[in-house]
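When you get a sec, could you give me coordinates for this:
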Amino acid sequence: MRGNLNKSLQFVERLMEKGLAPNAFTYSILLEAAYKEKGVDEAMRLLDDIIAKGGSPNLVSYNVILTGLCKEDRVEEAIQLFRDLPAKGFNPNVVSYNILLRSLCYEGRWEEANELLAEMVGDDRAPSIVTYNILIGSLSLHGRIDQAREVLEELFREGHFRPNAASYNPILEHLCKQKKVDEVVKSLDQMISRNCEPNEGTYNAIAGLCYQGMVKEAFSIIQSLRNKQDSSFHDYYRNVVSSLCRKGNTYPAFQLLYEATSCGFTPDSYTYSSLIRGLCLERMLGAAMDVFRVMEENGHQPNIDNFNALVLGLCKCQRTDLSLEVVEMMIERGQTPNETTYTILVEGIIYEEEKELAAELLNELHARQAMSRSTVKRLTMQYDLELEVSANII
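Next up, the predicted model:
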């Protein structure tokens, strides 16, 4: 949907002209696309237009607008819309409350947040696990760890909800930034004793120790967590490295990978692809391309998945010129680009606003039967491309 808002709106217009009214779910998707692509003002104009044309948005639609306002730091306007919802025929639900609560808490507006919490009574607006996690996360962010722990203990004591990794991770992140290793270990022990499994956020929180020069300590904690889980030695460390790379913590990923290899871990193709994606995410494109040299030095020949990871990472950085060089390198090394490779390239060229060039490439690939008919059809329709062979595709 994103990047194709205008086409989506035109499609909805055609439906309405034919007397086919889109449902509230469709409106919510369009509103979300509008605020993400053009800002919340555009989303509000779209909502007004939907209502003027006889559409019937629901509470989800207004929650999308609330989210957009809060993401643009327009909290006062969000509060006003929230208070106006009953007049529009909707009573705020727990999702509505959580949207506002998150902004108030993260801005440190505790008094207003407490007033909002006091209103959260009743089936549709009673606090959820998300509510508690918002409180824990915001208190931790502001360094109010004791209060964050109190909320966590209340969550466990009340028994209405089971704490999850997202309940502990903000506390762990703050403790790691403060270099309080003993307290990190204590919190993790408590977390596991309560049958709460560490997740991607947990590993990324622990990676915070690496930024404090405490790589050995971070790896020791990571090691101890593995001993308390069922996953294999190889799968565990591969998952840790991938988790860090996905969240932009590629430097700690390399540091912990070095420690892991010292203990017998051997990176595989998936691990190398994760490192490539992480480096591209942080726009360290030269380093991403150097991973291939490191692989070869360690006796690994880059495969199609490694090349595709690099091609995708470069395209996301709007460097399709480098992506084309990588494809040439693939062919020189005996690797044949596959449909995924070509799809990434076509979409990369489109996102650089070179639709005519993308259409020419797609025409060529279709003529050479390098892409399936279904994929060519999807790309043609999704991006409104004009192909010479379109009559044979659609």
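
Would you confirm that Leu188 contacts Ile221?
Yes. Counting by C-beta atoms under 8 Å, Leu188 does reach Ile221; the two are 6.9 Å apart. Every C-beta, even on glycine, is put in place using the N, C-alpha and C of the backbone.

give me the low-pLDDT residue ranges for the stretch 251-394 of the chain?
Applying pLDDT under 70 to the stretch 251-394 of the chain flags the ranges 388-394.

switch the cut-off to 50
Applying pLDDT under 50 to the stretch 251-394 of the chain picks out residues 390-391.

What segments of it are helices?
Using DSSP state H, counting those that start in this stretch, the helices of the stretch 251-394 of the chain run over 269-281, 285-297, 304-316, 320-332, 339-351, 355-367, 373-383.

could I get those as JSON lines with mean neighbour count and distance to Gln229?
JSON lines is the format used below for the helices of the stretch 251-394 of the chain (neighbours: other C-beta atoms under 10 Å; distance: least, C-beta to C-beta, whole Å):
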{"stretch": "helix 269-281", "mean neighbour count": "23", "distance to Gln229": "18"}
{"stretch": "helix 285-297", "mean neighbour count": "15", "distance to Gln229": "28"}
{"stretch": "helix 304-316", "mean neighbour count": "23", "distance to Gln229": "26"}
{"stretch": "helix 320-332", "mean neighbour count": "17", "distance to Gln229": "36"}
{"stretch": "helix 339-351", "mean neighbour count": "20", "distance to Gln229": "32"}
{"stretch": "helix 355-367", "mean neighbour count": "18", "distance to Gln229": "44"}
{"stretch": "helix 373-383", "mean neighbour count": "16", "distance to Gln229": "39"}
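
Let me see the contact set for Thr340.
Asn308 (C-beta atoms under 8 Å, 6 or more residues apart in numbering).

sorry, that was for Val181
Residues counted as contacts of Val181 (C-beta under 8 Å, 6+ apart) are 209, 214, 217, 221.

rerun that using 7 Å as the cut-off
Val181 makes contacts with 214, 217, as judged by C-beta atoms under 7 Å, 6 or more residues apart in numbering.

What score does it have for pLDDT?
We have a pLDDT of 98 for Val181.

how far away is it from Gln212?
Relative to Gln212, Val181 is positioned 10 Å away (criterion: C-beta to C-beta, to the nearest Å).

Next: Tyr351.
From Tyr351 to Gln212 the distance is 37 Å (C-beta to C-beta).

And Ala253, by the same measure?
Distance, Ala253 to Gln212, by C-beta to C-beta: 16 Å.

Give me the more crowded residue out of the two.
Set Ala253 next to Gln212 and count neighbours by other C-beta atoms under 10 Å: Ala253 wins out with 27 against 14.

Find the nearest non-adjacent residue to the more buried one, please.
Spatially, and ignoring its direct neighbours in sequence, Ala253 is nearest to Leu244 (3.9 Å; C-beta to C-beta, 6 or more residues apart in numbering).

and whichever helix or strand that neighbour is part of with helix 269-281, angle?
Using DSSP states H and E, Leu244 falls within helix 233-246. Counting by axes from the mean of the first three to the mean of the last three C-alpha atoms, to 10 degrees, helix 233-246 lies at 10 degrees to helix 269-281.

residues in contact with helix 233-246?
Residues outside helix 233-246 that contact it (C-beta under 7 Å, 6+ apart): 200, 203-204, 207, 222, 226, 229, 250, 252-253, 256-257, 260, 265, 268, 270-271, 274-275, 277-278.

mind saving the C-alpha coords of that helix as PDB?
Only the C-alpha atoms of helix 233-246 are listed here, as PDB (Å, rounded to 0.1, in the frame of the first residue of the first chain):
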ATOM      1  CA  PHE A 233      24.900 -24.200  20.100                       C
ATOM      2  CA  HIS A 234      24.900 -23.200  16.400                       C
ATOM      3  CA  ASP A 235      21.300 -22.100  16.000                       C
ATOM      4  CA  TYR A 236      21.500 -20.000  19.200                       C
ATOM      5  CA  TYR A 237      24.500 -17.900  18.200                       C
ATOM      6  CA  ARG A 238      23.300 -17.600  14.700                       C
ATOM      7  CA  ASN A 239      20.000 -16.200  16.100                       C
ATOM      8  CA  VAL A 240      21.700 -13.800  18.400                       C
ATOM      9  CA  VAL A 241      23.900 -12.300  15.600                       C
ATOM     10  CA  SER A 242      20.900 -12.000  13.300                       C
ATOM     11  CA  SER A 243      18.800 -10.400  16.000                       C
ATOM     12  CA  LEU A 244      21.400  -7.700  16.600                       C
ATOM     13  CA  CYS A 245      21.900  -7.000  12.900                       C
ATOM     14  CA  ARG A 246      18.100  -6.600  12.300                       C
END
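
What residues of stretch 82-89 count as buried?
The neighbour-count criterion (16 or more other C-beta atoms under 10 Å) identifies 82, 85 as the buried residues of stretch 82-89.

next one: phi and psi at the residue nearest to Lys177 when sequence neighbours are not counted?
Nearest residue to Lys177 in three dimensions, chain neighbours excluded: Gly208, at 5.3 Å (C-beta to C-beta, 6+ apart). With angles defined as degrees, to the nearest 10, Gly208 sits at phi -60, psi -30.
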